[in-house]
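Novice: Here is my input, please return the structure:
(2 chains)
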Amino acid sequence: MALLQIAEPGESAAPHRHRLAVGIDLGTTNSLVATVRSGLSVVLNDELGRPLLPSVVRYLADGSSAVGYEAQAQQAIDPRNTIVSVKRFMGRGIKDVAYREEMPYRFDEAPGMLRLQTVAGLKSPVEISAEILRTLRLRAESALGGSLVGAVITVPAYFDDAQRQATKDAAKLAGLPVLRLLNEPTAAAIAYGLDNGAEGVYAVYDLGGGTFDISILRLARGVFEVLATGGDSALGGDDFDQRIFCWILESAQLAPLSVEDARMLLTRAREAKEYLSFHGVAPISARLNSGETVDLRLTTETFSEITRTLLAKTLQPVKRALRDAGLTVGDIKGVVMVGGATRMPQVQRAVGDFFRQEPLNNLDPEKVVALGAAMQANLLAGNRSAGDDWLLLDVIPLSLGLETMGGLVEKIVPRNSTIPTARAQEFTTFRDGQTALAVHVVQGERELVGDCRSLARFELRGIPPLVAGAARIRVTFQVDADGLLAVSARELASGIETGVVVKPSYGLSDDEIAAMLKDSLTHVKDDAQLRALQEARVEAQRLIEAVGSALAADGDLLTVEERARIEHGLAELHKAAAGDNRRQLVVAMDDLEAETKEFAARRMDRSIRRAFAGRNISELASDLSLARSGENA
Amino acid sequence: MPAAAASRFMSGRESLELTTDFFALFALPRRFRLAAAQLDKAYVDLQAEVHPDRFAAADDSARRLAMQWSTRVNEAYQTLKKPLARARYLLHLAGHDVADENNTLMPADFLIEQLEWREAVAEARAVGDHHELEHMHHRLQRELSGRYDELGDLFDERCDFVEAADRVRRLMFIEKLLVDLDEALAACDE
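Specialist: Model prediction:
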């Protein structure tokens, strides 16, 4: 029976080579890149053997930039052009940023995503993050000796659509193909779960430099299922530094500070915080440019006292996530601690008290996210065989809603829905002959539009002119596996696809990204055109391998002519990939993609059937007839 | 399997607008009473095959299809997992759609009872009586489980869709009340 003679997915007749893929933890304070080597997930160090890359970018007058330790060392000298914690600005407007009056940066006042005025010109957080990602990409390429098939980039689980999109755009600018945006606590759960063979319900408490996440997951053999997630995308270790900084100002009775002095004291505050993880009291001393001196001693008791409210702020989302998952503290088998900020003793104590158990600290809280992301990247790149893999089911952290009459929000996708997910909604016109319609999409849990995040305004155009209320426009909101929203619309009576024009509230338009891409390439050492050609070649190679293994596994689904057409397309693509005309290469890829569309549909059908394998043929046949009768109903 | 049949099987499900029989998708009998463990397993087995993570390195059309299918499987699972959604779906399949906004058919005594419940919840919430809210929550859940038992009989033994539709309308009120109760409990916690 041909139906059941099926090769497992990803398994091709020819043994495929290991595809280079990495996991990247793009952190507020530090970033890391990791990969799976000989079955083990490892962090890739820089040429001096350092695993971390400080998430700091300094712009210079000639348009170039320094990233990492080098930039960090200069931050007190050149604070205006040295950007730290840029992650806090991703997908954010100027009014969203806390303590901005204390920051040394010159913010641009334009609406939308904020921008920073630097000596090298106006910079978007997307471009600044791209510098960090590019540095990590180059580190990985030189360590692994080749171009990357792609990367899994982690984001806080509580990141909204604008923040996720900004991260994906940054990867695009950095020349990194994104295999998936993965939630940080989920990445940690993968690393923890696989290393420890953990089963049961676990909580991941992830307090990073600038973001807080809590995720509740069910771990079973081969399945990681996120039950609920929650957090605060503007709460992290930085806030603890800020509390110490304020305490220093108050205790030392300092006059208003210059930006350089403020930056130095913030650094002292951070050092004191880290010192207190291992000692009972931290000395804080500094000589300011103003001539004033600071000589203080911060005890753990005082530190706990001044940060008590921050800890309480993390426990609110924990309670809500438990409630959303329909669980209580007693159901949690273990609490995995993630993020450098969980090293603080008062954090450990507060989490332990709340969950009534010792938190799990057996993985390096600073590396676990990157290690998990690398494992997922290895899986997504197709380097693991069937049976030796796992299924990851994640959720959308915040509800998606539409603005309705009176500034109210109608929820269309509730928070904690498993992704990918979609929801269709019908709209109608309210004026005769109306041909356009505006839809405002927001994200958040509150009832008023003003209290939620504005994501985008979608304008539907090309509606056939009819009397008021006659047109029926079905708008589909699709959230993909990256947690990103896409909108499409169709007028039902005429079947006309209506154009959707997107105005992201805090995002970049395609034109802006294209301009940045062009701009960034002029400053980067490598040749722009060569780079583009290389990227197209990697893409072509990926397609050739994908189609090749599809043919090997499921070639029997094709007629002789169909197969010949696909093989012809493959040969053309091979030829184009050997040449150095990028346009020809792109055309050949498009042609092959078009030729394999129907094949992909049949393969997917077979995949679905495979899920029924193990039951007998007659059962299968009756299901199919059932399915067909359902279709006709 | 013949390719033509494969594509026909697919084409009915490619678009999000088309309805699919979710029971058939999971190879489960079209009944109200279903084994949760069997549904969970069928769901995971199916997602393991169609999830976009399986196709992250594949070509564009395969990736798009995987997203559509995975979305559909999630929708099917959510629909069948929750008893009220499952009941409404069964009614829909049988051509007895429940008119969501139509509550004029509800008998007065049922509506009065609902009003009394609602007032009691609002009162307990206003004074932050966590204990009373918990107590009401338990009572309501007991009542729900009894009503779902009854619904199982109506669907699976008696095939009485008209009566079932009436019960489902009532259950929609009660489930909404449970949501209000959950919110009140959450407000008390915070």
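Novice: From now on I want contacts and neighbour counts done on CA atoms only, so please keep to that.
Specialist: Noted.
Novice: show me where pLDDT drops low in the stretch 351-500 of chain A?
Specialist: A:387, A:498-499 (pLDDT under 70).
Novice: So which residues on it come close to chain B?
Specialist: Selection of the stretch 351-500 of chain A residues close to chain B by Cα under 8 Å from any Cα of the partner chain yields A:380-382, A:390-392, A:418-422, A:480-481.
Novice: Quick one: the strands in the stretch 401-550 of chain A, in order.
Specialist: A:408-413, A:421-428, A:437-443, A:453-461, A:472-479, A:485-491, A:497-504 (DSSP state E, counting those that start in this stretch).
Novice: Each with direction, which strands does the second one pair with?
Specialist: Yep, that's strand A:421-428 we're talking about. strand A:472-479 (antiparallel) (DSSP bridges).
Novice: Touching the strand it pairs with from outside, list them.
Specialist: Strand A:472-479 is contacted by residues A:419-429, A:485-493 when judged by Cα atoms under 8 Å, 6 or more residues apart in numbering or on different chains.
Novice: In contact with residue 88: list those residues for me.
Specialist: Assuming you mean chain A. Residues in contact with residue A:88 (Cα under 8 Å, 6+ apart) are A:28, A:97, A:210, A:234.
Novice: oops, chain B please
Specialist: So residue B:88 contacts B:97, B:98, B:165, B:168 (Cα under 8 Å, 6+ apart).
Novice: could those be laid out in a markdown table, adding distance to residue A:52 and secondary structure?
Specialist: A markdown table is the format used below for these (distance: Cα to Cα, whole Å; DSSP: H, G, I helix; E, B strand; the rest coil):
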| residue | distance to residue A:52 | secondary structure |
| --- | --- | --- |
| B:97 | 58 | coil |
| B:98 | 58 | coil |
| B:165 | 61 | helix |
| B:168 | 57 | helix |
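Novice: Give me the buried entries from those.
Specialist: B:165, B:168 (16 or more other Cα atoms under 10 Å in any protein chain shown).
Novice: Just give the nearest non-adjacent residue to residue A:118, would you?
Specialist: residue A:81 (5.3 Å; Cα to Cα, 6 or more residues apart in numbering or on different chains).
Novice: Out of the contacts of residue B:88, which two sit at the greatest distance?
Specialist: B:97 and B:168 (10.5 Å; Cα to Cα).
Novice: Tell me how far residue A:41 lies from residue A:373.
Specialist: Residue A:41 is 9 Å from residue A:373, where distance means Cα to Cα, to the nearest Å.
Novice: what's the answer for residue B:149, then?
Specialist: 45 Å.
Novice: which of these two has more neighbours?
Specialist: Neighbours per residue (other Cα atoms under 10 Å in any protein chain shown) separate residue B:149 from residue A:373, with residue A:373 holding more: 35 against 12.
Novice: Tell me the secondary structure at that one.
Specialist: Here residue A:373 is recorded as helix under DSSP: H, G, I helix; E, B strand; the rest coil.
Novice: Let me see the domain layout of chain B.
Specialist: Listed by automatic domain parsing, the domain ranges of chain B are B:16-81, B:108-189.
Novice: what ranges do the strands span in the stretch 101-250 of chain A?
Specialist: Counting by DSSP E, counting those that start in this stretch, the strands of the stretch 101-250 of chain A are A:106-107, A:116-118, A:121-123, A:150-155, A:178-183, A:200-207, A:212-220, A:223-232.
Novice: Same check on chain B?
Specialist: Taking DSSP state E as the criterion, chain B contains no strands.
Novice: Now the residue most central in space within it: closest residue in space, sequence neighbours ignored.
Specialist: Closest residue to the average C-alpha location of chain B: residue B:85 at 2.1 Å, with Cα atoms, centre = their mean. Once flanking residues are discounted, residue B:85 sits nearest to residue B:79: 5.2 Å by Cα to Cα, 6+ apart.
Novice: what's the neighbour count on the one you found?
Specialist: Residues near residue B:79, counting by other Cα under 10 Å: 18.
Novice: Check residue A:47 too.
Specialist: Other residues close to residue A:47 by other Cα under 10 Å number 10.
Novice: secondary structure class for it?
Specialist: coil.
Novice: Let me know the pLDDT of it.
Specialist: Looking at residue A:47, its pLDDT is 91.
Novice: Please report phi then psi for it.
Specialist: phi -70, psi -20 (degrees, to the nearest 10).
Novice: what separates it from residue A:53, distance-wise?
Specialist: For residue A:47, the distance to residue A:53 - Cα to Cα - is 12 Å.
Novice: Ok, residue B:69 next?
Specialist: 39 Å.
Novice: Same drill for those two, tell me which one is more crowded.
Specialist: residue B:69 (28 against 23).
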